[in-house]
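let me see the structure of the following:
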Amino acid sequence: MIAELQQAVAHYAHALDELHVPEPEAVLAEDPTWTLTMPGQRVLDPLAGRAAVLGFIREGHTAQTGRVRRHLGDVVVTTTDAVHR
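Numbers count the residues shown, from 1 in each chain. Prediction:
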């Protein structure tokens, strides 16, 4: 299961790198919460809800002027499912 999660996160980051918004849009839950730090800035206030997260992604794409490669670290996965595999 860990390898599957790592692959999903890598695929998701690649979609963001390529400015392909439909892929993150397709996998986001209805009620995600993002907490992140932008390079050189403070920790941003959490983004709550699918519309807020997708709006943030779209605004970032609009402002982006060059190629970006995301390096995701400290990814935390929290399950609400009682079944663990």
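
which parts of this structure are helices?
2-17, 22-27, 50-63 (DSSP state H).

so for residue 36, which of the ones you listed sits nearest?
helix 50-63 (8.9 Å; Cβ to Cβ). (Each C-beta comes from the backbone N, C-alpha and C, glycine too.)

any idea how many residues pack against residue 53?
Applying other Cβ atoms under 10 Å, we find 19 other residues in the vicinity of residue 53.

pretty sure it is touching residue 27, no?
No: taking contacts as Cβ atoms under 8 Å, residue 53 lies outside contact range of residue 27: 11.1 Å.

stretch 53-73 - what's its average pLDDT?
Here stretch 53-73 scores 76 as its mean pLDDT.

end to end, how far does stretch 45-56 reach?
The straight-line separation of the ends of stretch 45-56 (Cα to Cα, to the nearest Å) is 12 Å.

now it: buried residues?
47, 53, 54 (16 or more other Cβ atoms under 10 Å).

residue contacts, the closest residue to the first one other than its chain neighbours?
With Cβ to Cβ, 6 or more residues apart in numbering as the measure, residue 34 is the residue that lies nearest to residue 47, at 4.3 Å, once sequence neighbours are left out. Shown in contact with residue 34 (Cβ atoms under 8 Å, 6 or more residues apart in numbering): 46, 47, 53, 56.

pLDDT weak spots in this structure?
Counting by pLDDT under 70, the chain contains low-confidence residues at 1, 68, 70-85.

with only the CA atoms kept, save stretch 5-16 in PDB.
The C-alpha trace of stretch 5-16 is given here as PDB (Å, rounded to 0.1, in the frame of the first residue of the first chain):
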ATOM      1  CA  LEU A   5       0.500   5.900  -2.200                       C
ATOM      2  CA  GLN A   6       4.000   7.000  -3.200                       C
ATOM      3  CA  GLN A   7       3.100   6.400  -6.900                       C
ATOM      4  CA  ALA A   8      -0.200   8.300  -6.500                       C
ATOM      5  CA  VAL A   9       1.600  11.300  -4.900                       C
ATOM      6  CA  ALA A  10       4.300  11.300  -7.600                       C
ATOM      7  CA  HIS A  11       1.700  11.200 -10.400                       C
ATOM      8  CA  TYR A  12      -0.200  14.000  -8.700                       C
ATOM      9  CA  ALA A  13       2.900  16.200  -8.400                       C
ATOM     10  CA  HIS A  14       3.800  15.500 -12.100                       C
ATOM     11  CA  ALA A  15       0.300  16.600 -13.100                       C
ATOM     12  CA  LEU A  16       0.800  19.900 -11.200                       C
END
